[in-house]
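A.B. asks: Kindly return the folded structure for what I paste below:
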Amino acid sequence: MERLSRLPSLTGLRSFEAAARLKSMTRAAAELEVTQGAVSRSIRALQAELGFPLLAKSKPSLLLTPLGEVVFGELNYSFERIKKVLDRVRHDEQARTLRIDVLPTFGLRLLIPRLPEFKKEYPDLQLDVVVGEGPINFDDGNVDVGIRYGKGDWPRTKSYRILEEELIVVCSPALLKNGEIDPSQVRADQLIRHTTRLEAWGEWFESLHLAPRQAAGLGFEHFFLVIEAAVVGIGYALLPRFLIREELADGRLVVASSHTLRREKGYFLICSPDQQHDPRVVGFRRWLHQQLRNEPF
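C.D. replies: Numbering: from 1, shown residues only. Predicted coordinates for the structure are as follows:
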């Protein structure tokens with residue numbers, strides 16, 4: 001009896017339960033993601049620890065001894081209960097967590113400053129925020145909602161337009177000494193490049209009925225880097241107005257041209273079609289729409 005005063009090896013118990021349930025060492029090994037030899041060794045060690053056989057020698061399928069039948073029945077029942085408890089706990093935890101994948105500067109300038117208000121309205125909902133710019137795979141279950149820029153036509157997603165975009169040309173006050181710039185006289189090397197939106201400058205010039213011109217100045221991947229480059233006087237930047245309200249208000253940036261560019265693309269909240277009615281997603285979408293509905297472009 002002293003030998004059984006502690007629980008036997010969990011590895012052995014799991015190996016035996018899987019082999020007995022699937023009636024195959026090979027299938028048990030596949031389910032447990034180990035080798036067949038590992039399953040066999042674990043079961044032999046378990047039988048030695050228990051002091052009685054669990055499996056009767058038989059081919060091609062496994063046969064249980066009478067004691068093996070008793071042990072398997074209890075193990076199978078217990079493992080099923082453990083699985084149900086863990087599934088329920090995992091589901092409850094997921095129901096209290098909303099995982100958001102947001103564009104870097106959008107998250108920094110628009111989302112994070114508003115999150116204290118969100119927590120007041122939804123105090124029991126935990127937020128996990130990550131940043132990204134590429135496609136979101138909702139199938140892997142790592143993200144519940146995303147905020148992306150585009151036309152809203154991403155495959156296998158439900159899209160909600162949350163914000164338009166108006167682009168303006170800005171620069172450091174030190175670069176603007178004689179009033180607004182003359183777009184036809186601006187050199188390409190004076191134009192800061194946003195490397196993920198290389199087409200924007202061309203569209204701005206086209207909207208002025210000028211020949212498209214590609215920026216040839218320093219390039220930066222994220223808006224917050226483009227903003228800082230403009231602030232320190234590297235060149236002219238083409239930026240969404242709503243991202244630079246503070247810099248315009250305190251004079252670190254000034255409008256270099258009164259001509260603005262409104263684009264077809266915009267900012268969208270996206271999710272899996274299967275989750276569009278999830279209370280967490282619906283609550284966040286409605287709250288974000290309320291927050292941004294009066295946001296100036």
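A.B. asks: Please tell me how far residue 206 sits from residue 269.
C.D. replies: Remark: distance between residue 206 and residue 269 (C-beta to C-beta, to the nearest Å) = 30 Å. (Glycine included, C-beta is placed from N, CA and C.)
A.B. asks: Same check on residue 218?
C.D. replies: Distance, residue 218 to residue 269, by C-beta to C-beta: 32 Å.
A.B. asks: Tell me which of residue 206 and residue 269 has more neighbours.
C.D. replies: Neighbours per residue, other C-beta atoms under 10 Å: of residue 206 and residue 269, the larger number sits with residue 269, 23 against 14.
A.B. asks: can you give me the strands in the stretch 51-200 of the chain?
C.D. replies: Residue ranges of the strands in the stretch 51-200 of the chain, as given by DSSP state E, counting those that start in this stretch, are 55-56, 63-64, 97-102, 126-131, 145-150, 158-163, 166-171, 193-194.
A.B. asks: need those in JSON lines with mean neighbour count, mean pLDDT and distance to residue 110, can you?
C.D. replies: Shown next, in JSON lines, are those (neighbours: other C-beta atoms under 10 Å; pLDDT from 0 to 100; distance: least, C-beta to C-beta, whole Å):
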{"stretch": "strand 55-56", "mean neighbour count": "15", "mean pLDDT": "87", "distance to residue 110": "62"}
{"stretch": "strand 63-64", "mean neighbour count": "16", "mean pLDDT": "89", "distance to residue 110": "62"}
{"stretch": "strand 97-102", "mean neighbour count": "19", "mean pLDDT": "93", "distance to residue 110": "9"}
{"stretch": "strand 126-131", "mean neighbour count": "14", "mean pLDDT": "92", "distance to residue 110": "12"}
{"stretch": "strand 145-150", "mean neighbour count": "21", "mean pLDDT": "96", "distance to residue 110": "9"}
{"stretch": "strand 158-163", "mean neighbour count": "18", "mean pLDDT": "95", "distance to residue 110": "8"}
{"stretch": "strand 166-171", "mean neighbour count": "21", "mean pLDDT": "96", "distance to residue 110": "14"}
{"stretch": "strand 193-194", "mean neighbour count": "22", "mean pLDDT": "96", "distance to residue 110": "17"}
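A.B. asks: now for these, which one comes closest to residue 49?
C.D. replies: strand 55-56 (14.4 Å; C-beta to C-beta).
A.B. asks: Which strands and helices lie in contact with the closest one?
C.D. replies: When contacts are defined as 3 or more C-beta pairs under 8 Å, 6 or more residues apart in numbering; DSSP states H and E, strand 55-56 sits against helix 10-22, strand 63-64.
A.B. asks: Ok, which of these comes nearest residue 111?
C.D. replies: Closest of the helices and strands packed on strand 55-56 to residue 111 is helix 10-22, at 43.5 Å (criterion: C-beta to C-beta).
A.B. asks: If you count neighbours, what's buried in the helix or strand just after that closest one?
C.D. replies: Using DSSP states H and E, the helix or strand that follows helix 10-22 towards the C-terminus is helix 25-32. Of all the residues in helix 25-32, those buried under the rule 16 or more other C-beta atoms under 10 Å are 25, 28-29, 32.
A.B. asks: Centre of the chain to helix 25-32, how far?
C.D. replies: 33 Å (C-alpha atoms, centre = their mean, to the nearest Å).
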